[in-house]
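K.L.:
let me see the structure of the following:
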Amino acid sequence: MPASSSTTLDQAALQRLLAISAEILGQLDLERLLASIMTGAADLLDASQINLYRYLRDGDRLETWIHQRAPESIDRLELRRGEGLAGTVLVDGRGLRVDDYDRWPGRSPQWPPGVTGPAMAVPVRRLEELLGVITVARPPGGPRFTDSDLTLLQLFAHQAAIAIGNAQLYAAVTRRADGLSRLYETSLDVVSRLELEPVLEATLERATGLLDSRYANLRLYDPKRDLLVPLLRLNQPDASLHIALKPGEGLSGRVFLSGEPLIVNDYDHWEGRSPEYPAGTVPRAMGVPLRQAGEVIGVLAVDRAAERPPFSEDDLLLLSLFANQASVAITNARQVEELKHFHAQQIEKERLDQQLRTAQAVQAGLLPDHLPDIPGWDLAGLWRPALQLGGDYYDLIPLTPDRWGLLMADVSDKGIPAALLMAVARSLFRVYASADDSPRQTLARVNHDLVASSHSGMFVTAVYAVADTRTGEVRLAAAGHPPALVVRHPGREIHPIRVGGMPLGILEEAEFNEHAFRLEPRESIVLYTDGITEASDSGGEQFGAARLHAFLRQSEAPSAQQLIAGLDEAVRAFVGEAPAWDDVAYLVARRRA
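P.N.:
Now for the predicted structure:
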């Protein structure tokens, strides 16, 4: 389900997770630990209902282990595979969140309606062993959980699985109290660090300290190279840092390929020794796999001096238990680094979005705030960019009290480059538009400066007309732009004004044609960009000039503003759900009766 808000996991959430994880990892009494998991999950995720289900292999089902604030009618609940939120997670093996549990098709009929709104569930897994499923929920109408919350719950479940595993192991193997105590302290040190490099360094330091070892190394599998690549080593000669092993090669390669721990107490005489290590450099060795979600991701290996006792099965068990927890810590550290990177990207995206919003406001300010009130005329315009910034624009330029310039232009691109060229073109038209010059002369001057200043390969199409608002006389020139449309009265006949002309900014000495006509009372001139005629529906069919002409011919809109609103609505209805690929702009000047 898509997130309802940002998926960024902030530092405050990570610190809360770290504090709660440290608290639960500090408890070895199982009953008290489970209660702390309930409280920790509620505090971490602001949840009102917490349920921890224990997985029972006999019967392949889930059973309530402990709960907090569950409905009074449900104290113990059994869920089959696929039943309810927890049962669905049991099937899929992945975290799941829903925005409204009562409306979710998979809700369990055993759960009373009206008590649970947004909810999440994740598996509680210790490596390949499924311990159970934890669910958290908020009341109906409560804030929805986000993808960030789901990630937080998954990280918490990792820590809970470690804590539960530690508590169960402590209860079952009390005679190894000293070894388990050291394992617990080591694991707590590892999981208290979230940055990847300190986590790996702690892994090797504790491994050698626990097992009376000289050297340690950690290799991770690189699937692109199909090699076990040394990521970090402790106290080893510099030459060994760069020794990469194939799966099956040497002790680490054997452990990776088999997925099983391995002890070799006489490495020099072992048939599987790697020739990369000279004789005598590795007397005794032991390696265990590192796993992530059941998949072997690398190998942790240690060695021991020849004069020290051989590695034992107890040593192997201790290193395996340590590596299991270290694997989770490494996975968590990687996720945190990825989340930090994502967070940085989100901050940068927000910064760029803010700049775009500011630029959009500036660009919108270049368009007329309101069209002038010209006696005897009804004016209206509309601009709608396909992106936050666009290259279409219109303008009305005062030349004399009775003469006005009507401009419609379209830059041959979208986004920031088009917006910048649009601003340049607008400034040039404002500078060169003059009552003493014809429209074609104004186009020629703007074109000259655009050619001289633009090296981006973009160009501008335009229609520029000068209207005498007393007489209705109009002179019009164009530069590669869709033809202006004159709506005659009576009969609303459509007359396209085709004068040709090359787009601005391509050829310095381009020439432009001009056409003169008169608008009678109740007649209009319609200027527009090709974003209207080229607007396409989901099947790729364009709105086209024929539909545009038909709309203008049939429209009985009493004002220019209503005419534009109706036309824009018709274009939107035609396009439907298809994305907008081009900017659109309209400008209508109607001579009143």
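K.L.:
compute the number of surrounding residues for Ser258.
P.N.:
13 (other CB atoms under 10 Å). Yep, even glycine has a C-beta here, placed from its N, CA and C like the rest.
K.L.:
how close does it sit to Asp147?
P.N.:
For Ser258, the distance to Asp147 (CB to CB, to the nearest Å) stands at 36 Å.
K.L.:
go on, Ser73?
P.N.:
32 Å.
K.L.:
need the helices for the stretch 251-400 of the chain, in chain order.
P.N.:
313-366 (DSSP state H, counting those that start in this stretch).
K.L.:
show me the shaky parts of this protein.
P.N.:
For the chain, the stretches with pLDDT under 70 are 1-9, 58, 171-196, 232-242, 351-366, 386-391, 414-415, 454-456, 580.
K.L.:
go with 50
P.N.:
1-7, 175, 239 (pLDDT under 50).
K.L.:
okay, now the domains of it?
P.N.:
For the chain, the structural domains run 11-171, 173-335, 367-591, going by automatic domain parsing.
K.L.:
among Ser73 and Asp147, which residue is more densely surrounded?
P.N.:
Legend: neighbour count by other CB under 10 Å for Ser73 and Asp147, higher for Asp147 (18 against 9).
K.L.:
residues near the residue nearest to Asp395 when sequence neighbours are not counted, how many?
P.N.:
Excluding the flanking residues, the one nearest Asp395 by CB to CB, 6 or more residues apart in numbering is Leu407, at 4.4 Å. Using other CB under 10 Å as the criterion, Leu407 is surrounded by 23 other residues.
K.L.:
using CSV, list the CA coordinates for the helix or strand where Leu407 lies.
P.N.:
Counting by DSSP states H and E, the element that carries Leu407 is strand 403-411. Extracted in CSV, the C-alpha atoms of strand 403-411 (Å, rounded to 0.1, in the frame of the first residue of the first chain):
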residue,chain,number,x,y,z
ARG,A,403,-3.9,51.1,-29.4
TRP,A,404,-3.0,47.8,-27.7
GLY,A,405,-0.6,45.0,-28.5
LEU,A,406,-2.1,41.4,-28.2
LEU,A,407,0.6,38.8,-27.8
MET,A,408,0.4,35.0,-27.6
ALA,A,409,3.7,33.0,-27.6
ASP,A,410,5.0,29.5,-27.0
VAL,A,411,8.6,28.4,-26.2
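K.L.:
what packs against whichever helix or strand comes after that strand?
P.N.:
If you walk from strand 403-411 toward the C-terminus, the next helix or strand you reach (DSSP H and E) is helix 415-432. Packed against helix 415-432, as judged by 3 or more CB pairs under 8 Å, 6 or more residues apart in numbering; DSSP states H and E, are the following elements: helix 313-366, strand 392-400, strand 403-411, helix 439-453, strand 460-468.
K.L.:
now the strands for the stretch 51-200 of the chain?
P.N.:
61-68, 78-80, 96-98, 119-126, 129-137 (DSSP state E, counting those that start in this stretch).
K.L.:
packing partners of the second one?
P.N.:
So that's strand 78-80. Short answer (3+ CB pairs under 8 Å, 6+ apart): strand 78-80 packs on strand 61-68, helix 84-92.
K.L.:
please identify the most buried of those.
P.N.:
helix 84-92 (a mean of 21; mean count of other CB atoms under 10 Å).
K.L.:
let's have the helices and strands packed on strand 78-80 in JSON lines, adding distance to Leu552.
P.N.:
Listed next are the helices and strands packed on strand 78-80 as JSON lines, based on distance: least, CB to CB, whole Å:
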{"stretch": "strand 61-68", "distance to Leu552": "67"}
{"stretch": "helix 84-92", "distance to Leu552": "57"}
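K.L.:
what sits against the spatially closest residue to Leu90 that is not a sequence neighbour?
P.N.:
Among residues not flanking Leu90 along the chain, Arg81 sits closest, at 5.3 Å (CB to CB, 6+ apart). Residues counted as contacts of Arg81 (CB atoms under 8 Å, 6 or more residues apart in numbering) are 60-61, 87, 90-91.
K.L.:
farthest-separated two in these?
P.N.:
Arg61 and Val91 (11.9 Å; CB to CB).
K.L.:
who are the packing partners of the strand holding Leu407?
P.N.:
strand 392-400, helix 415-432, strand 460-468, strand 524-528, strand 584-591.
K.L.:
identify the bridge partners of Ile525.
P.N.:
Val486, Ala589 (DSSP bridges).
K.L.:
so what's it up against?
P.N.:
For Ile525, the contacting residues are 406, 465, 467, 474, 484-487, 519, 588-589, by CB under 8 Å, 6+ apart.
K.L.:
and for Gly95?
P.N.:
Each residue near Gly95 by CB under 8 Å, 6+ apart is listed here: 89, 120-123, 150, 153-154.
K.L.:
burial measure for the nearest residue to Ser559 once chain neighbours are set aside, as a count.
P.N.:
Leaving aside its chain neighbours, Ser559 sits nearest to Asp378 (5.8 Å; criterion: CB to CB, 6+ apart). Counted with other CB under 10 Å, the neighbours of Asp378 add up to 19.
K.L.:
and Ser538, by the same measure?
P.N.:
10.
K.L.:
over to Gln335?
P.N.:
17.
K.L.:
and if you look at Asp10?
P.N.:
12.
K.L.:
what about the residue lying closest to it once chain neighbours are set aside, distance to Arg144?
P.N.:
Leaving aside its chain neighbours, Asp10 sits nearest to His343 (7.1 Å; criterion: CB to CB, 6+ apart). To Arg144, His343 is 20 Å away according to CB to CB.
K.L.:
to the chain's geometric centre, what's the distance from the helix or strand hosting Ala550?
P.N.:
Ala550 belongs to helix 544-554 when assigned by DSSP H and E. A distance of 41 Å separates the centroid of the chain from that of helix 544-554, by CA atoms, centre = their mean, to the nearest Å.
K.L.:
could you do stretch 76-89 as well?
P.N.:
31 Å.
K.L.:
how about the strands in the stretch 201-350 of the chain?
P.N.:
Counting by DSSP E, counting those that start in this stretch, the strands of the stretch 201-350 of the chain are 216-222, 227-234, 262-264, 284-292, 295-304.
K.L.:
other SSEs contacting the fourth one?
P.N.:
Yep, that's strand 284-292 we're talking about. helix 250-258, strand 262-264, strand 295-304, helix 313-366.
K.L.:
for the residue nearest to Asp395, give me its contacts.
P.N.:
Counting by CB under 8 Å, 6+ apart, Leu407 has contacts 394-397, 429, 433, 462-465, 587.
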